[in-house]
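Chemist: Model the following, please.
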Amino acid sequence: MRVAWMTALVCLSVRSGLCGENWSQFRGGRSDGVVRNSGIPTEWSEDRNIAWKIEIPGMGWSQPVIWGDRVFLTTAVAGDGAKTTKIDWSPGVPNLGLRMLTKGLGLDSAPKEGGGGTAVASRSVDMPPPDIPCRYMVMCLDLATGKPLWERTARESKPPIHIHPSNSYATETPATDGERLVVSFGPAGLYCFDLNGEPLWSKDLGSYPMQFGWGSGSSPVLHGGRVFVQYDNEAESFLVALDAKTSDELWRVKREEQSNWSTPYLWTNSLRAELVTAGGTKMRSYDPQTGTLLWEMDASGRTSITPVGNDDLLYVDSYDRMMGRTGIFAAIRPGATGDISLGGKSTSNDGVAWSVKLSGYRVASPVLCADCLYVFEQQGGIVHCFDAKTGKKHYRQRLAESGGCTASPWVSDGKVFSLDTNGLTVVFEAGPTMKVVGSNKLDDLFWSSVAAADGRLLLRGVKSLYCAQGRR
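Modeler: Model (predicted):
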């Protein structure tokens, strides 16, 4: 059965272009941020190497996806359609910190029972959704020109939940397999279209409160004819697999977690395929066919980080999302089973090849290149570089002039690209020493991760979607 599943994955990868030029879901066809076809530009600006630029209505932090000559993205037009003009790192509720202190909600460091997080991180603040109309939209553009080909309204209603001022109601990235396009608007539902915009099905997975009214962010994963959705919230967390053609539920597992924003990662390693989920109390891996738990590991707190891996190792990150205290970053071996949590001062075991402790805040997911692993801080433009096989730290360095980083990095032609929220992309050579080779600036606010295909790079800002393109 495992051989059949792996064979199906290989066949699907050929059909869906995982080895081709499509960027079909969050962080690309393999969800690792690696551009496998050379030719994307390394230099661009407002007036250089920008093939086209188009304003996108409403707000959305979802990454664009690319299939063939088409670009797909989501957005939400709420109220008067006003756009966020800055990233706000506050908790998202006015004077929340003071209220927690004065009302005794517990800004303390006492760990939750069973693992990661803090007492304050386990609290849910009842924030009513705004009383405004919202239009949840799906758009299709021509990759070469940016010309709109079609747009559809998936839903029109008042938002079901409150969100952080810097979040959006269209934060989840779509996924496509070349036949269908699956889009998620979190609590506002899951929708499926064909690539010409004809609706195929919709699915209501429920509306649940999120920590401090921050909103949702975990994207669907489309693979092997299945749609995987991780829905960690404050009331009823679960992981579900749906039939991509019919939306029928194939399996569902309850998760002993609260709000997380990480996207599941399908790790096809040297032994098997695993569906890996980050969590607050546990990092977990499941059999994609059945939902059976393969292994779990104690985590350090709620997270937005999506795991990444290769044939030999999987890299998982967890930290205290509220307070930024030290968390575990670990490399997991293929074939791990059962509880592989690290006890005491241990940094490795049969399931864990190596681990380190990292403090601070991270939203961008890590990236691998040239036997190095790169981890980016949410603020300060700081990058950590580790030996991917051993965990040895090569360096911790601030990228000059770079600010906070929420968009996940990407790799192309042996170079690492890091896009900060202010539109500055720093480009440096992959390897154990830092060597910056360039930087590029766009006048916009960026939180979305990029998409790349056919020598084109798509960067989504709050105002516009940009297509950077080198010489053709």
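Chemist: so what's the closest residue to Asp142 other than its chain neighbours up against?
Modeler: Closest residue to Asp142 apart from its sequence neighbours, by C-beta to C-beta, 6 or more residues apart in numbering: Leu149 at 5.8 Å. From N, CA and C alone the C-beta is placed, and that goes for glycine too. Applying C-beta atoms under 8 Å, 6 or more residues apart in numbering to Leu149 gives the contacts Arg70, Cys140, Leu141, Asp142.
Chemist: Do I have it right that Glu21 meets Asn37?
Modeler: Yes - with contact defined as C-beta atoms under 8 Å, Glu21 reaches Asn37; the gap is 5.1 Å.
Chemist: Between these two, which has more neighbouring residues?
Modeler: The neighbour count for Glu21 versus Asn37, taken as other C-beta atoms under 10 Å, is higher for Glu21 (18 against 14).
Chemist: Need the pLDDT of the more buried one.
Modeler: Listed pLDDT for Glu21 reads 77.
Chemist: residues in contact with it?
Modeler: Here Glu21 is in contact with Asn37, Ile66, Ala453, Asp454 (C-beta under 8 Å, 6+ apart).
Chemist: Tell me, how many residues neighbour the last one?
Modeler: Read it as Asp454. Residues near Asp454, counting by other C-beta under 10 Å: 18.
Chemist: For it, which non-adjacent residue is closest in space?
Modeler: Glu21 (5.1 Å).
Chemist: residues of stretch 30-44 that come out buried?
Modeler: Arg30, Ser31, Asp32, Gly33, Val34, Val35, Arg36, Gly39, Ile40, Pro41, Thr42, Trp44 (16 or more other C-beta atoms under 10 Å).
Chemist: who touches the fifth one in this structure?
Modeler: Listed by C-beta under 8 Å, 6+ apart, the contact set of Val34 reads Gly28, Val367, Leu368, Cys369, Trp410, Val411, Ser412.
Chemist: doesn't Lys435 make contact with Val427?
Modeler: No - assessed by C-beta under 8 Å, Val427 is found out of contact with Lys435, at 10.0 Å.
Chemist: what about these two, which has more around it?
Modeler: Val427 (17 against 9).
Chemist: Doesn't that one lie inside a strand?
Modeler: Yes - counting by DSSP: H, G, I helix; E, B strand; the rest coil, Val427 is found in a strand.
Chemist: Distance check, it against Asp371.
Modeler: Using C-beta to C-beta, to the nearest Å, Val427 is found at 19 Å from Asp371.
Chemist: and what of Trp52?
Modeler: Trp52 is 37 Å from Asp371, by C-beta to C-beta.
Chemist: which one of the two has more residues nearby?
Modeler: Using other C-beta under 10 Å as the criterion, Trp52 and Asp371 rank with Trp52 on top: 18 against 14.
Chemist: which residues does the more buried one bridge with?
Modeler: Cys467 (DSSP bridges).
Chemist: OK, contacts around it?
Modeler: Trp52 is in contact with Thr145, Gly146, Tyr466, Cys467, counting by C-beta under 8 Å, 6+ apart.
Chemist: Quick check: the last one vs Ser285, distance?
Modeler: Here the criterion is C-beta to C-beta. By it, Cys467 lies 37 Å from Ser285.
Chemist: Look at those two and report which has more neighbours.
Modeler: Neighbours were counted for Cys467 and for Ser285 using other C-beta under 10 Å; Ser285 has more, 26 against 23.
Chemist: for that one, what are its contacts?
Modeler: Trp267, Glu274, Leu275, Val276, Thr277, Leu293, Leu294, Trp295, Glu296, Ile332, Ala336.
Chemist: Which one of those residues is nearest to Ser247?
Modeler: Leu275 (18.3 Å; C-beta to C-beta).
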